[in-house]
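Engineer: sequence first, then the predicted structure:
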Amino acid sequence: MMQETAEAAFISSKRELSFINLAARVSYRMDDLVVAGVDIRSGSPRSNRRPLYSLSILRGERVAYEDEEVTLEEIFSLMRRFNVRVLATDNVYELAENVKSLRKFIQRMPPGSKLVQVTGSLGGIRSLAAIAREAGLPTPSHRDPLGTARVVARLAQRGVGVEIIAMYPETRVLITKNRSIKQGGSGSDRWRRSIEASILSEANRIATELDSANLDYDLYVERASGGLKRAEFIVYAGIDEVRRVVRESSEWTPLRVVLKQSWRSKVKFPSSSLTPLPRSRPIIVGIDPGMSVGLAVIDLDGNLLTLKTMRRASRSEIVEEILNHGYPVIIATDVSPPPKSVVRIASMFDSKLMVAKYDMKADEKKRIVSDYEEAKGIRVNSSHERDSLAAALKVYLRAKNLISKVKMRVREEGLTSELDRILTKVLKGTPISVAIEEILSERESESEIRDLSYAELKRELRRLNKYVRNLNERLEVMKKELERKDSILRKREGELNRLRRKVEELEDRRIREIEVDRRISARDARIKELERELEREKWRNELLKSQMRQLASSREPVDGVRLRVLPSLSKDRVEELERDSYRDVLLILDASGASTGVLGRLKDLGVRAILYRGTPPPKEFLEKASMEGIVIASLDGFKISWRSLDPVLPSDEALRLLSYIRTEKTGERSGGEGGVDVMSIIRDYRMSLLRAVNERDTE
């Protein structure tokens with residue numbers, strides 16, 4: 001009865017066990033399959049002598065082919081020829097000298113074929129003779145390798161033995177840029193960002209396809225400014241199943257999508273580890289999930305068993321590393337909520353998952369780990385190892401007093417040999433007294449059946465009734481706790497909905513505030529623009545008033561240089577000078593925004609000097625004007641007069657401007673290249689006045 005229960009539990013766990021590298025139970029029909037049995041005849045894979053084998057191929061009850069001496073190459077050829085689906089042996093190390101060569105052997109087998117060791121069972125390795133007698137087959141003899149091969153094939157036909165698995169049932173999907181396609185020059189950064197964005201898009205697409213196909217996976221990514229630099233899926237399914245969902249990219253695409261079957265670190269073969277999960281010493285495991293997984297394993301005495309960092313590790317690799325040290329009772333992590341991979345690992349071991357209710361501060365982690373380093377004389381090498389060890393130690397320190405109580409109680413009950421099992425139950429939440437009763441009940445059920453008196457039966461019945469009452473009481477407590485947690489969950493959901501509405505209101509308010517700020521900024525900019533325009537108009541008004549006052553006070557013509565007034569030095573205003581004959585000296589009302597791009601045009605038009613009012617032109621404009629030979633000066637130091645409606649720089653002011661120019665440009669001739677010949681301007685103007693007077697007299 002116990003054997004049947006264990007076997008049922010193992011088969012029901014087959015889907016989970018398939019990706020933690022344990023040999024799977026053989027449970028296929030042989031009515032329509034071709035099975036080959038093999039037994040070594042001479043030589044050995046571990047010697048220099050080439051091994052030879054006897055081979056028997058069965059199709060149903062009929063012998064399809066037999067040969068007393070074949071090589072390994074001939075075995076593979078015959079398997080392909082007869083479409084052999086199962087190759088059976090009584091010892092896999094007759095086919096390969098070590099794990100590495102056994103892996104290569106399995107890789108060379110035809111696709112879809114299985115390697116089975118018929119001597120493996122749930123109880124461990126059994127002799128071939130005993131298995132053959134139980135199956136009603138002839139007892140094999142080492143003197144008859146062909147007969148042994150035939151018996152091995154018959155046993156495999158009946159589903160006896162275990163399959164040797166050399167690959168994880170998991171596939172890695174890698175998405176990177178294609179190094180053979182490059183983009184250089186000034187667009188290299190833009191090309192890189194485009195590729196990174198494409199990798200992100202492809203990763204999202206593949207994740208959607210895997211979710212639609214209901215395939216379990218873990219995802220590791222390397223982020224970049226444009227999206228993702230690299231993405232790697234670990235899909236917990238065979239490569240053929242993954243290929244139905246994900247297609248590999250061609251050689252000439254910018255992205256590389258590659259599918260790889262994950263190989264085992266070592267081949268698991270039939271042994272005592274064929275139990276559903278190896279029950280060894282209880283341990284506490286701390287996991288820091290991420291691109292680099294931190295793994296810390298301590299026993300229930302607080303001793304460190306392993307501390308390491310595993311980069312882009314799959315769940316199977318993490319589980320295998322844990323199983324090398326014991327069976328986890330508690331799996332701890334300080335990441336809340338815990339990642340899917342950690343939850344799955346805890347459920348596989350049926351371990352208690354403990355997650356920190358609040359994120360542990362860096363100072364707290366450093367303090368816990370540094371105290372442990374000093375006490376144990378160890379050294380933590382990375383932040384991932386520190387976080388995983390801190391999580392494990394946090395749980396251990398919390399359970400330390402409980403562990404001490406259990407040890408004391410176990411010694412009082414005389415159950416020292418069952419300490420690990422009792423500790424496992426207690427740390428998972430079972431009360432100490434109930435755990436001890438369960439262990440006692442299990443020990444009694446496993447003892448041989450003996451005659452019991454009526455009084456003993458009554459005592460046993462009372463004990464069982466008490467045990468049932470304890471279980472019922474525990475069930476009631478758990479029901480109340482469940483109701484309490486359901487009530488808390490409903491309250492939390494209500495609070496969460498309220499906070500979501502609050503966030504939406506705040507978001508709407510923020511959007512409105514941003515719009516108001518934008519409109520205020522636009523209004524302020526418009527006000528400043530209008531203020532500048534008003535200032536120009538005020539100055540224009542002052543000029544007109546000054547002109548009117550001068551006209552009213554004197555009718556005598558003013559002798560001097562006529563000024564050409566421009567509102568600004570924009571390109572359109574400068575082009576207007578081409579239609580004006582008076583453009584030697586300019587008066588600019590607003591020169592603050594003058595651009596160096598108009599200087600060349602000013603020089604071509606013959607402009608020699610520029611007077612500005614208020615804010616001077618930019619420094620670059622002044623430097624470029626000096627290089628072009630155009631003099632820039634402020635109007636504040638000069639007095640202007642009016643001739644009719646035109647502003648005029650009087651002769652004495654023009655001479656002072658000439659003196660100012662000479663002072664500013666020491667060592668240069670003001671009338672030469674790069675200066676303004678003011679005297680020449682005055683003479684030209686006087687000649688124009690004389691011509692005007694003569695023309696008037698003539699009339």
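Structural biologist: In hand now; what should we look at?
Engineer: would you map the helices across the stretch 51-200 of the chain?
Structural biologist: Taking DSSP state H, counting those that start in this stretch to define them, one finds helices in the stretch 51-200 of the chain at 72-81, 99-108, 128-134, 145-157, 188-212.
Engineer: mean neighbour count, mean pLDDT and distance to I640 added to those helices, as JSON lines?
Structural biologist: (Each C-beta comes from the backbone N, C-alpha and C, glycine too.) Output for the helices of the stretch 51-200 of the chain, formatted as JSON lines (neighbours: other Cβ atoms under 10 Å; pLDDT from 0 to 100; distance: least, Cβ to Cβ, whole Å):
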{"stretch": "helix 72-81", "mean neighbour count": "16", "mean pLDDT": "92", "distance to I640": "108"}
{"stretch": "helix 99-108", "mean neighbour count": "16", "mean pLDDT": "80", "distance to I640": "99"}
{"stretch": "helix 128-134", "mean neighbour count": "16", "mean pLDDT": "87", "distance to I640": "122"}
{"stretch": "helix 145-157", "mean neighbour count": "25", "mean pLDDT": "92", "distance to I640": "116"}
{"stretch": "helix 188-212", "mean neighbour count": "16", "mean pLDDT": "88", "distance to I640": "56"}
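Engineer: mind listing the strands the helix or strand where I234 lies pairs with, and their directions?
Structural biologist: Using DSSP states H and E, I234 sits in strand 227-235. Paired neighbours of strand 227-235 in the sheet (DSSP bridges): strand 165-177 (antiparallel), strand 217-224 (antiparallel).
Engineer: if I pick the closest residue to E620 other than its chain neighbours, what's in contact with it?
Structural biologist: Distance criterion Cβ to Cβ, 6 or more residues apart in numbering; nearest residue to E620, sequence neighbours excluded, is T596 at 5.6 Å. If a contact means Cβ atoms under 8 Å, 6 or more residues apart in numbering, then T596 has E620, F621, K624 as its contacts.
Engineer: thinking again about what came up before, how about the strand holding I234 as PDB, C-alpha atoms only?
Structural biologist: Extracted C-alpha coordinates of strand 227-235, given in PDB (Å, rounded to 0.1, in the frame of the first residue of the first chain):
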ATOM      1  CA  GLY A 227      14.800  50.100 -25.000                       C
ATOM      2  CA  LEU A 228      16.600  46.800 -24.400                       C
ATOM      3  CA  LYS A 229      20.100  45.800 -25.100                       C
ATOM      4  CA  ARG A 230      19.400  42.100 -24.600                       C
ATOM      5  CA  ALA A 231      16.500  39.800 -23.600                       C
ATOM      6  CA  GLU A 232      16.500  36.200 -22.600                       C
ATOM      7  CA  PHE A 233      13.500  34.000 -22.000                       C
ATOM      8  CA  ILE A 234      13.800  30.700 -20.100                       C
ATOM      9  CA  VAL A 235      10.800  28.800 -21.300                       C
END
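Engineer: could you tell me how far the residue nearest in space to the middle of the chain is located from K229?
Structural biologist: By Cα atoms, centre = their mean, the chain has its centre lying nearest to V221, at 3.3 Å. According to Cβ to Cβ, to the nearest Å, V221 and K229 sit 8 Å apart.
Engineer: gap between stretch 460-468 and the chain center?
Structural biologist: Relative to its chain's centre, stretch 460-468 lies at 55 Å (Cα atoms, centre = their mean, to the nearest Å).
Engineer: next one: stretch 326-333
Structural biologist: That offset, for stretch 326-333, works out to 26 Å (Cα atoms, centre = their mean).
Engineer: and the contacts of it?
Structural biologist: Contacts for stretch 326-333 (Cβ under 8 Å, 6+ apart): 277-289, 297, 299-300, 305, 322, 339, 342, 345-346, 349, 351-356, 388, 391-392, 394-395, 399, 423-424, 427-428.
Engineer: could you do stretch 212-230 as well?
Structural biologist: By Cβ under 8 Å, 6+ apart, stretch 212-230 touches 174-177, 192-201, 203, 207, 210, 231-237, 241-242, 244-245, 291, 312, 314-315, 340-341, 344.
Engineer: switch the cut-off to 6 Å
Structural biologist: Counting by Cβ atoms under 6 Å, 6 or more residues apart in numbering, stretch 212-230 makes contact with 176, 193, 196-197, 199-200, 210, 231-237, 245, 291, 312, 341, all of which sit outside it.
Engineer: endpoints of that stretch, how far apart?
Structural biologist: Start-to-end span of stretch 212-230 (Cα to Cα, to the nearest Å) is 23 Å.
Engineer: flag every buried residue along that stretch.
Structural biologist: Residues of stretch 212-230 classed as buried by neighbour count (16 or more other Cβ atoms under 10 Å): 215-221, 224, 226-230.
Engineer: can you pick out the most distant pair from these?
Structural biologist: Farthest-apart pair in the buried residues of stretch 212-230 is D216 and G226; separation 29.4 Å (Cβ to Cβ).
Engineer: just the pLDDT for the residue nearest to R85 when sequence neighbours are not counted.
Structural biologist: Using Cβ to Cβ, 6+ apart and skipping residues adjacent in sequence, the residue nearest R85 is L33, 4.7 Å away. The model reports L33 with a pLDDT of 78.
Engineer: how much space between the residue nearest to E620 and L174?
Structural biologist: Distance, T596 to L174, using Cβ to Cβ: 55 Å.
Engineer: what about K538, how many neighbours?
Structural biologist: 11 (other Cβ atoms under 10 Å).
Engineer: my reading is that it is in a strand; is that accurate?
Structural biologist: No - assigned with DSSP: H, G, I helix; E, B strand; the rest coil, K538 falls outside any strand and is helix.
Engineer: mind checking which of the contacts of T596 are buried?
Structural biologist: The buried subset of the contacts of T596 - by 16+ other Cβ under 10 Å - is F621, K624.
Engineer: list the ones among the contacts of T596 that fall in strands.
Structural biologist: With strands taken from DSSP state E, there is no overlap with the contacts of T596.
Engineer: can I get the CA coordinates of stretch 324-340 in PDB?
Structural biologist: Extracted in PDB, the C-alpha atoms of stretch 324-340 (Å, rounded to 0.1, in the frame of the first residue of the first chain):
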ATOM      1  CA  ASN A 324      22.800  19.500  -3.200                       C
ATOM      2  CA  HIS A 325      22.600  20.700   0.400                       C
ATOM      3  CA  GLY A 326      19.200  19.400   1.700                       C
ATOM      4  CA  TYR A 327      15.500  20.000   1.600                       C
ATOM      5  CA  PRO A 328      14.200  23.500   2.100                       C
ATOM      6  CA  VAL A 329      11.700  24.000   4.900                       C
ATOM      7  CA  ILE A 330      11.500  27.700   4.500                       C
ATOM      8  CA  ILE A 331      12.400  29.800   1.500                       C
ATOM      9  CA  ALA A 332      12.900  33.500   2.300                       C
ATOM     10  CA  THR A 333      13.100  36.600   0.100                       C
ATOM     11  CA  ASP A 334      13.100  40.300   0.900                       C
ATOM     12  CA  VAL A 335      11.400  41.200  -2.400                       C
ATOM     13  CA  SER A 336       7.700  42.000  -2.000                       C
ATOM     14  CA  PRO A 337       5.600  40.800  -3.800                       C
ATOM     15  CA  PRO A 338       7.800  37.700  -4.500                       C
ATOM     16  CA  PRO A 339       8.600  37.000  -8.100                       C
ATOM     17  CA  LYS A 340       6.800  34.100  -9.900                       C
END
